[in-house]
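# Just the structure for this:
(one chain, ligands or ions: 1)
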Amino acid sequence: MSSEPLVDYDEVLTRYEPVIGLETHVELGTASKMFCGCATTFGAEPNTQTCPVCLGLPGSLPVANAVGIESTIRIGLALGCRIATWSRFARKNYFYPDIPKGFQTTQYDEPLCTAGHLDVEVDGETYRVEIERVHLEEDTGKNLHVGGATGRIHGASHSLIDYNRAGIPLVEIVTRPIPGTGAKAPEVAKAYVAELREILLALGVSEVRMEQGNLRCDVNLSLAPIGSLEWGTRTETKNVNSLRSVERAVRFEMRRQAAVLDGGGRVLQETRHFHEDTGTTSPGRSKEEATDYRYFPEPDLVPVAPDEEWVAGLAAALPELPAARRVRLSEEWGLPATEMAWLINAGALGLVSETVAAGATPADARKWWLGELARRANDAGVELDQLAITPKQVAELTALVAAGTVNDQLARQALDGVLAGEGDPGEVVKSRGLAVLGESDELVTAVEEAIAGAPDVVAKVQGGKVQAIGALVGAVMKTTRGKADAATVKRMLEERLL
Ligand SMILES: [Zn+2]
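This is a model prediction of the structure:
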């Protein structure tokens, strides 16, 4: 895809200082759209959730969705923002097929929330990300380019448009430029999005499914020569939609921009596309300036003037936020800070927490999610929460191990079955015949065969070399293909020989 020259990552940092910035779009989980009553169900038949308002038909008038405004303010409060006492929507004018009105209703110079911050931790160090603004706007429709190899407009024979998404409330959270992250820039960017996602989940304002586009990131990056007083020219990589991709996009742009600057060139201010398959970016359109959009206040909507008492009530009713929750869980679970950090970095905190809530011990939940399941997610190249297993199923698996129904090895086989969609762990253990053998006829036979088959070992054991019994245990484990419990087998042998 990209044959552009790249500088080695470590080398970039010997000459340049990265500055990152993130613009995150969150689709709110409201039942209806932002300015009309249309439903917002994901995956509905194209163009079945539309009306004259969200299609921009002449004469139609918008009405703001109160839940959308409330959710935006709650996000602002969770990020420590100042909440405006007076705020207006604005028209951002541009012509594009997915914008049926010819403008997007958004907020410009009077956003609902400003001047917040979010602290994120990377490798034990805290980075403060300043939030410039949180504002409310509407999503666009979705273009589907048909006939090309890439799904992009280039090479397509024709395009289809689905307006179901047009008008869904979208909150944009914009950071200020984040300097001083150095070599950690990609990780800080990823950690910021991960932390933001946790907050949005805790607030319950969005499902934040990145794979469904509920949360999309524009990743800004610029490089400046070390010691320079001025920041470099930034690029904006659009619509990056996984945590891993955020990290990769920053890393790639650092390496690419360093090569441009090393060669005496200028980084162009432009938007770029991120390619999941190669981890590279390629140029999009050159960036418009704000003046190109001819913003002006939306005349069809009344200004929003949130009542201070109402806002104070919303602040008081915020749920426990992830940072506080982590401190509490770390104490409750007795896990040291480093282990908590691993859980968070692996995106496993919520999963472990739900697994504990479903009855597993914290140690067991942690062990399965960070061990076997993390390995499988990694092999499959997906996030942990995309694995086809629920916290409840993991809890059931740990219960089966704790009860001695399966050992760890059999539990891993049960996991194969669950991930393959064969049902809950208990069902898989039954259907695949994975249960550890109790003192059944089958096990008794295996034990007696082992004794009969090795008279020399039996003689050693009975002659006082008790450790030699291990060979007999091994023989039984082999004939039962690992399904016996070693301690039970040892006891049964001892009962017969000593
Ligand atoms: Zn509508």
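# Helix or strand for the residue in the stretch 201-350 of the chain positioned nearest to the ion, just tell me which one.
Closest residue of the stretch 201-350 of the chain to the ion, Cβ to the ion: D300 (14.3 Å). Placement of C-beta: from N, CA and C, glycine included. Secondary-structure element containing D300, defined by DSSP states H and E: none, the residue being outside all helices and strands.
# how near is D218 to Y108?
The gap separating D218 from Y108 is 17 Å, by Cβ to Cβ, to the nearest Å.
# for G116, same thing?
Relative to Y108, G116 is positioned 18 Å away (Cβ to Cβ).
# Which one of these two is surrounded by more residues?
Each of G116 and Y108 had its neighbours counted (other Cβ atoms under 10 Å), and the higher figure belongs to G116 (22 against 18).
# That one belongs to a strand, doesn't it?
Yes - the assignment for G116, made by DSSP: H, G, I helix; E, B strand; the rest coil, places it in a strand.
# Give me the phi and psi for L243.
Main-chain dihedrals, L243, degrees, to the nearest 10: phi -60, psi -40.
# That one contacts G347, doesn't it?
Yes - between L243 and G347 a contact is recorded at 6.9 Å, counting by Cβ atoms under 8 Å.
# Which neighbours do these two have in common?
When contacts are counted by Cβ atoms under 8 Å, 6 or more residues apart in numbering, L243 and G347 are jointly contacted by A194, E383.
# contacting residues around E439?
By Cβ under 8 Å, 6+ apart, the contact list for E439 reads T488, M492.
# hey, where'd the strands end up in the stretch 251-400 of the chain?
Here the stretch 251-400 of the chain has its strands, by DSSP state E, counting those that start in this stretch, at 270-275, 280-286, 296-297.
# Return the set of buried residues in the longest one.
Across strand 280-286, burial judged by 16 or more other Cβ atoms under 10 Å covers T280, T281, G284.
# can you give me the helices for the stretch 151-300 of the chain?
In order along the chain, the stretch 151-300 of the chain carries the following helices (DSSP state H, counting those that start in this stretch): 185-203, 243-262.
# Switch those helices over to JSON lines; also include mean neighbour count.
Formatted as JSON lines, the helices of the stretch 151-300 of the chain follow (neighbours: other Cβ atoms under 10 Å):
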{"stretch": "helix 185-203", "mean neighbour count": "23"}
{"stretch": "helix 243-262", "mean neighbour count": "22"}
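# Take those helices and lay them out in CSV including distance to I99 and mean pLDDT.
As requested, the helices of the stretch 151-300 of the chain are arranged in CSV below (distance: least, Cβ to Cβ, whole Å; pLDDT from 0 to 100):
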stretch, distance to I99, mean pLDDT
helix 185-203, 25, 93
helix 243-262, 25, 93
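# I'd like those laid out as CSV, including distance to N164.
Putting the helices of the stretch 151-300 of the chain into CSV (distance: least, Cβ to Cβ, whole Å) gives the following:
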stretch, distance to N164
helix 185-203, 22
helix 243-262, 25
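# So for R325, which of these sits nearest?
Nearest to R325 among these is helix 185-203; the distance by Cβ to Cβ comes to 7.4 Å.
# Spatially nearest residue to T479 (excluding sequence neighbours)?
Distances taken as Cβ to Cβ, 6 or more residues apart in numbering place A446 nearest to T479, at 4.8 Å, with adjacent residues excluded.
# What about the one you found, how many residues nearby?
By other Cβ under 10 Å, the residues close to A446 number 22.
# just to confirm, which helix or strand has it in it?
Secondary structure from DSSP H and E places A446 in helix 441-453.
# On the pLDDT front, check the residue lying closest to E230 once chain neighbours are set aside for me.
Spatial nearest neighbour of E230, chain neighbours left out: A224 (6.4 Å); criterion: Cβ to Cβ, 6+ apart. Here, the pLDDT recorded for A224 equals 92.
# Good, we can wrap up now.
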